[in-house]
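1. Next comes the sequence, and after it the predicted model I'd like to discuss.
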Amino acid sequence: MIQIGDTHSSYLIRDESLALIEAPHPNEAGELIQGLQELGVRPQDLKYLITTHIHLDHTGAAGHLARENPNLIVFVHEWGAPHLINPERLNQSARRTYGPKMEEIGEMIPIPESQIHPVTNGDEIKLGKTRWQVIHTPGHARYHICLFEPKEKILFAGDALGCLYPDGAFFIVTPAPDYDQELSLESIRRLEDLKPELIVFTHRGTSRDKTLFKEVRKQHRLWVKTIETVLESTPDAEVDEILEMIAKYVPVVRDFPQYPSFLLNIGGIKRYLKKKKER
Ligand SMILES: [Zn+2]
């Protein structure tokens, strides 16, 4: 595990081939490389980088790693692959989402097509003794994948099951433009069916708690229902007003008010509810 900043982690799998899971924000590439060095690994030693999806906190530094190591192969869902070859749209949408904070995050640089290996549901990534199944898990993002190792039953969940922080905060992540409740619940059901023994979160720890799936489902229903009710009475409410209004009803918002991603959650759910109405 390589902890980056306060909010996310990358993970190194040591098998015959060395694979890194997740690459943090572009400006955190140096921190990532330093973290690898502390584990005795140079970027050139990595054979693969596997990213669960193309949000900048999961793939941001991929281009920097690919530049350091021209033999590195980057696994990404096939729908995300074109955006890594030409990251302009990703950078644009991140600028819209993060505004001035984008200075801190940095911009993605392109990855040569020859270094990208697109994957899809059911593919297998062989690292040596371990083989990792690719599970397409849309809901948080349409091109989101999880990785599952069936012998030890280890699941890399990306953002599909939300965030779990050392302070005990556990919450779903439902950003615009893709968040979709039905797809999320369907993906969660498929992950639960795998009966994982160890669940690994990008944000940011691990868990062996099997009741977690129930809690995730409960949160998707509670967040969406509560925001829907607020919007029925106050259709023009802005995200920060909505945050204040839902704190009474959504325990994690009340108990951990310091997490800024709640505002992104509300934006994503607002957009999802609007799309649902238009269907
Ligand atoms: Zn994400």
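-> Yes, it's here.

2. which stretches of the stretch 101-250 of the chain have low pLDDT?
-> Nowhere does the stretch 101-250 of the chain drop to pLDDT under 70.

3. what's the burial count for residue 238?
-> The number of residues packed near residue 238 is 12, by other Cβ atoms under 10 Å. Heads up, the C-betas are built off the backbone N, CA and C, glycines and all.

4. Then the one 10 residues further on?
-> Other residues near residue 248 come to 10 when the count uses other Cβ under 10 Å.

5. where does it land in three-state SS?
-> At residue 248 the chain is in coil, as set by DSSP: H, G, I helix; E, B strand; the rest coil.

6. Once you drop chain neighbours, what's closest to it?
-> Using Cβ to Cβ, 6 or more residues apart in numbering and skipping the chain neighbours, the partner closest in space to residue 248 is residue 254 (6.9 Å).

7. tell me which element the one you found falls in.
-> If you go by DSSP states H and E, residue 254 is part of helix 251-255.

8. Flag every buried residue along the following helix or strand past that helix.
-> Elements were assigned by DSSP H and E; along the chain past helix 251-255, the next helix or strand is helix 261-278. Neighbour-count burial for helix 261-278 flags 261-262, 264-273 (criterion: 16 or more other Cβ atoms under 10 Å).

9. is it true that residue 269 touches residue 223?
-> Yes. Counting by Cβ atoms under 8 Å, residue 223 is a contact partner of residue 269 at 6.0 Å.

10. separation between the residue nearest to residue 248 and the ion?
-> Residue 254 sits 24 Å away from the ion, going by Cβ to the ion, to the nearest Å.

11. what's the answer for residue 141, then?
-> Taking Cβ to the ion, one finds residue 141 at 6 Å from the ion.

12. hmm, back to that, let me have the buried residues of helix 261-278 in TSV, extended by pLDDT and distance to the ion.
-> What follows is the buried residues of helix 261-278, written out as TSV (pLDDT from 0 to 100; distance: Cβ to the ion, whole Å):
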residue	pLDDT	distance to the ion
261	89	10
262	95	14
264	93	9
265	96	11
266	97	15
267	95	13
268	96	10
269	98	15
270	97	17
271	96	15
272	98	15
273	97	19
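
13. Which member of those residues is positioned nearest residue 108?
-> Set against residue 108, the nearest of these by Cβ to Cβ is residue 264 (18.6 Å).

14. Okay, the closest residue to residue 72 other than its chain neighbours and residue 98: tell me how far apart.
-> What sits nearest to residue 72 in space, not counting adjacent residues and going by Cβ to Cβ, 6+ apart, is residue 66, at 5.2 Å. Distance of residue 66 to residue 98, computed by Cβ to Cβ, to the nearest Å: 23 Å.

15. do residue 214 as well
-> Here the criterion is Cβ to Cβ. By it, residue 214 lies 32 Å from residue 98.

16. Surely residue 146 forms part of a strand?
-> Yes. Residue 146 forms part of a strand when assessed by three-state DSSP.

17. okay but it is in contact with residue 139, surely?
-> No. Using Cβ under 8 Å, residue 146 is not in contact with residue 139, being 10.9 Å away.

18. Please say which of the two ends up with more neighbours.
-> It is residue 146, of residue 146 and residue 139, that has more neighbours when counted by other Cβ under 10 Å, with 26 against 22.

19. Can you name the residues bridging to that one?
-> Counting by DSSP bridges, residue 146 is bridged to residue 135.

20. For it, list the residues it contacts.
-> 52, 134-135, 137, 155-158, 160, 191 (Cβ atoms under 8 Å, 6 or more residues apart in numbering).
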